[in-house]
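In: Next one to model:
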Amino acid sequence: MKFSVTKFRGLLFAATLSMLAEFLMGFLDSIIAGNILGEKALSAINVLQTPMSAVSFFAWLIGTGTAICFSVAVGRFDKRRASETFSQGVFSAAGIGLVLLAFMAFGREAFFDALGPDAEVRSLASSFWTWYAPCAFLEPVTILLNAACYADGDGKLCVISYVAEFSVKLVSSVLLTFAMGIGGCGLGTTLGDVVLLGMLLLHFRNKANTLSLVRHFSFADLWDICRNSFGDASTRLCWAGLFFFINKYVIDHYGSGMLPVAGVVVALISVTEAFNGISNAAQPLVGVYMGERNNKGVRTVMDAAVKFSVVGGLALSAVLLAAPVLVLKLLGIDDPELVAAGKAAVRIVSLGYVFWSLVTLFNSYYVFIGRVALSCTLTILANFVAPWLLILALGGFGVCGTWWALALAPVAAVAGIGVYVVLRDGVAKFPLMLDRSRDAKTHIFDLKVDSDSACAVSERVSDAIAANGISYGIAARAALIVEEVLMAVKDRNGARAVLAEVSLDMNDGVSLVIRDDGEIFDITDADAKVSSLRTYLVASIMENQKLRGNLTTTGYNRNVFRFT
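Out: Numbers count the residues shown, from 1 in each chain. Have a look, this model is predicted:
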């Protein structure tokens, strides 16, 4: 098993669970309101998806961008830059949270006037809005901390934190809804965010924590963060507009009575949030490989991510096609007419899930590789322009035509972007758009660490260097380093099975990157018990033959050796 794929799979569970938690957290209010208070309450929560998506947009704009820039800084071995990036994210999230809080305080009536729901739905939505408002500040901060902790390798804490948030929100929302009505749902959401914030702060007590807060703020860095995350975060901005358009279209053409079914469709679109878990699992690994200019490593991770995206999309479509009533029961819809309309909507919209999954993955990936404009184009096309145009084209065929428009929108977006990439860069670079000019002088060796494999990889590294016409002396030094480091890892971990990867790059001098998923430690510490290696390191540095660094990255050891 390849080291990078194993790490990706390890990160995937926590990332997907976090994204599922985000979806459930966002629609727990709909579930509770629909089941306890009825379909009018469900409609009230549905019409609020626009401001809630707008809050999420600004939260993810800062959180995702900070995590991407942090991972790239770590990949470049720049600890100072990594700390500045994290600090920039914290201060920016807090500032944007305050601005959003002001909007929630003063923008409510203008929003309802523009949408035009009936009086009962408006009254219920207004009550929820009052108690939900503090989340406009809390969500940007918690999303930032979650993304940073995840990029720092603490996926376990992220999972525990989301479980705690979900538990608190579920229990408090149910109890408070019985006591306060729909406003209790809003208050329960706020309490859940407070618990999540407290849990994520525990990361700073972890001995493996590399996040540090320094006094730093720069508008240039803020722009860099936003530029790197806009493609991903803009999904929420597009959803804010799309959900408003769907609800307005339904109200104008079918009346407020069809809003519960529109709420089902909004939930079906929002569940694609879970597919972000795949890109979030890939992001820390891709970011580090990009920092190393290791395109082979990027391809390995992305090949695994694409496979998981397709399988995940097919699995979710199959479940919803077979049992659409599950969604309706979950949201508390029991009116026979609405149930019939809802089943048709679930089956139709779920047909697009494979393509929604691919849109989500490549939306994030194109940001990773610096194709921000392409990422934004894909996002806006799939999440707003294509649905809007197709609804106008197919809406005349009845309400099911509206749902078919939403199922076909990601298909149209993927096809359009695919044609563009092929025409621009050729089939060879489709769809990752990566340069292959460095591949011939880049080698990746994966192994399960033991004495025989360490010796074998050491020899393969030496042979690869010699085959490229580089001096025997460098080949011998590199082989010695590989064997000594791997044996040190073996000794440190005892009988524990450890996977490792040795990346050799001969494009700009000779660089070695040795990663392992064993116990975290610095190979140059006195207690590493590798005196021969330490003697060699000191001698090499004195001769100015190489630069070296050690850094914990995404929860694994990463040692870098550069020969000049």
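In: Would you indicate which residues of the longest helix along the chain are buried?
Out: In the chain, assigned by DSSP state H, the helix with the most residues is helix 219-254. Residues of helix 219-254 classed as buried by neighbour count (16 or more other CB atoms under 10 Å): 221-222, 224-251, 254. (Glycine included, C-beta is placed from N, CA and C.)
In: Could you double-check that Pro431 lies in contact with Val421?
Out: Yes: between Pro431 and Val421 there is a contact at 5.8 Å, judged by CB atoms under 8 Å.
In: thinking again about what came up before, quick check: which helices or strands does the following helix or strand past the longest helix of the chain pack against?
Out: Later in the chain than helix 219-254, the nearest helix or strand by DSSP states H and E is helix 259-270. The contact analysis (3 or more CB pairs under 8 Å, 6 or more residues apart in numbering; DSSP states H and E) places helix 259-270 against helix 3-36, helix 39-47, helix 219-254, helix 325-330, helix 336-350, helix 399-425.
In: pLDDT weak spots in this protein?
Out: Applying pLDDT under 70 to the chain flags residues 18-23, 25-26, 231-232, 524-555, 564.
In: residue boundaries of the strands in it?
Out: Using DSSP state E, the strands of the chain run over 442-448, 499-505, 510-516, 546-553, 556-563.
In: Of all these, which one is nearest Thr190?
Out: Closest to Thr190 of the strands of the chain is strand 546-553 (CB to CB; 35.0 Å).
In: in stretch 473-490, what's buried?
Out: Buried-residue list, stretch 473-490, by 16+ other CB under 10 Å: 474-475, 477-490.
In: what's the most distant pair in those?
Out: Using CB to CB, the buried residues of stretch 473-490 span at most 24.6 Å, a distance reached by Ile474 and Lys490.
In: residues making contact with stretch 171-184?
Out: 28-29, 32-33, 36-37, 41, 44-45, 124, 127-128, 130-131, 185, 187-189, 191-192 (CB atoms under 8 Å, 6 or more residues apart in numbering).
In: are any of these buried, and which?
Out: 28-29, 32-33, 36-37, 41, 44-45, 124, 127-128, 131, 185, 187-189, 191-192.
In: thinking again about what came up before, now the helices and strands packed on helix 259-270 as a markdown table including distance to Val261?
Out: Listed next are the helices and strands packed on helix 259-270 as a markdown table, based on distance: least, CB to CB, whole Å:
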| stretch | distance to Val261 |
| --- | --- |
| helix 3-36 | 12 |
| helix 39-47 | 10 |
| helix 219-254 | 8 |
| helix 325-330 | 9 |
| helix 336-350 | 5 |
| helix 399-425 | 8 |
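In: and Gln88, which of those helices is closest to it?
Out: When the helices and strands packed on helix 259-270 are compared (using CB to CB), the closest one is helix 219-254, at 4.6 Å.
In: Next, the angle helix 336-350 makes with the closest one.
Out: Here helix 219-254 points in a direction 140 degrees away from that of helix 336-350 (axes from the mean of the first three to the mean of the last three CA atoms, to 10 degrees).
In: List just the nearest of the buried residues of stretch 473-490 to Lys2.
Out: Leu486 (16.4 Å).
In: Glu459 is in contact with Leu480, isn't it?
Out: No: look at Glu459 against Leu480 with CB under 8 Å: they stay out of range, at 11.5 Å.
In: Kindly provide the distance from Leu222 to Cys69.
Out: Here the criterion is CB to CB, to the nearest Å. By it, Leu222 lies 11 Å from Cys69.
In: hmm, I was thinking of Trp404
Out: Trp404 sits 40 Å away from Cys69, going by CB to CB.
In: So those two - more neighbours on which side?
Out: Cys69 (25 against 22; other CB atoms under 10 Å).
In: who touches the more buried one in this structure?
Out: 85, 221, 224-225, 228.
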